[in-house]
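Engineer: got a sequence here, can you model it:
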Amino acid sequence: MSSVRLPCPVIVVGNLSVGGTGKTPLVIWLVARLRALGYVPGIVTRGFGGSAKAAQLIDASRDPAMAGDEPLVLARRSGARVAIGRDRPAAARLLIDAGCDLIVSDDGLQHYKLARDCEIIVVDGARQLGNGWPLPAGPLREPPARLAEVDAIVVNGGRIAQPGAVSMRLAAQDAIALGSGGTRPLSTFAGTAVHAVAGIGNPQRFFDMLRAHGIEVIPHALDDHARITAADISFADLKPVLMTEKDAVKCKKLADDRHWYIPVDVVFDEADANKLMEIVTKKINDRKPKADEVEHG
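Structural biologist: Residues are numbered from 1 along each chain as shown. Now for the predicted structure:
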């Protein structure tokens, strides 16, 4: 397959397996680190679950039915420019035209039309690579040998027997009320029964995270990128309803004072954070843009 090489470095954060592994929180963390180094990163993503067909720039005010849920979280949390589109090179060009000097692709490891300078694979530390089989017999989009080809492997919540892999974890932040925007420490829900709603690739991770904070969870797992209705988040009792940030962007008009969402932040040990950024910055520096560089496809 022919690829399009853009006139700026491209970093792809993806995975081998279907289901959530923590790519989007890692992209937000990575963008913050790159901005601190003086870059102007833009984020490109497909906008899965949204109705948009053509590549376009979006912001946090867009309708999630059009843009998709993850792009809105990326725009809100990162502060970076975000472009969506099935044609990732076209979406990335919009970011470059908007002043970005570096592209971070949320997912898209298998979207080879977009040439990349650095590949990061995120692996779920609990599920790892499942049975090791490709779809549909197993969870893998590509063979396990692909791990040896990427520049960095980040394990979310554990470690794997792969040379050079680094570890991260997701840390829950204060709960935020969908209606008022007020905050409440997650610890204040300890010992309380709550409805937990999760329409993400791995809902169990969200439920386990709440239980680890001493919360009694009544789980409600939805399909990834589900189009949430009032019936999905409304229950006969008055118990609090906790949900992921990705689900919350689709629920603001449906919520009342029982509804809260839980943002998560990526946390690295300092040595692992430094190791990952050394890999990324070396790949960026290895890319020597040329004034006469042209795209090809």
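Engineer: quick check: closest non-adjacent residue to Leu34.
Structural biologist: The shortest distance from Leu34 to any residue that is not its chain neighbour, by CB to CB, 6 or more residues apart in numbering, is 4.6 Å, and that residue is Pro41. To be clear about C-beta, it is placed using only N, CA and C from the backbone, and glycine gets the same treatment.
Engineer: what's the pLDDT at that neighbour?
Structural biologist: Confidence per residue is given as pLDDT, and for Pro41 that number is 98.
Engineer: what's the distance between it and Pro9?
Structural biologist: Distance, Pro41 to Pro9, by CB to CB, to the nearest Å: 9 Å.
Engineer: who touches both of those two?
Structural biologist: Both Pro41 and Pro9 are contacted by Leu102, Ile103, under the criterion CB atoms under 8 Å, 6 or more residues apart in numbering.
Engineer: lowest-scoring secondary structure element of this protein by mean pLDDT?
Structural biologist: Per-element confidence for the chain was summarised using mean pLDDT, DSSP states H and E. The lowest value among helices and strands belongs to helix 64-67, with a mean of 82.
Engineer: may I see the buried residues of it?
Structural biologist: Buried residues in helix 64-67, counting neighbours by 16 or more other CB atoms under 10 Å, are found at Pro64, Ala67.
Engineer: quick check: end-to-end length of stretch 212-221?
Structural biologist: 18 Å (CA to CA, to the nearest Å).
Engineer: quick check: mean pLDDT of it?
Structural biologist: Stretch 212-221 shows a mean pLDDT of 97 in the predicted model.
Engineer: name the residues of that stretch that are buried.
Structural biologist: For stretch 212-221, the neighbour count (16+ other CB under 10 Å) marks Ile215, Val217, Pro219, His220, Ala221 as buried.
Engineer: my guess is Pro7 meets Ile96, correct?
Structural biologist: Yes: between Pro7 and Ile96 there is a contact at 7.0 Å, judged by CB atoms under 8 Å.
Engineer: ok, the two, which is more surrounded?
Structural biologist: Legend: neighbour count by other CB atoms under 10 Å for Pro7 and Ile96, higher for Ile96 (18 against 15).
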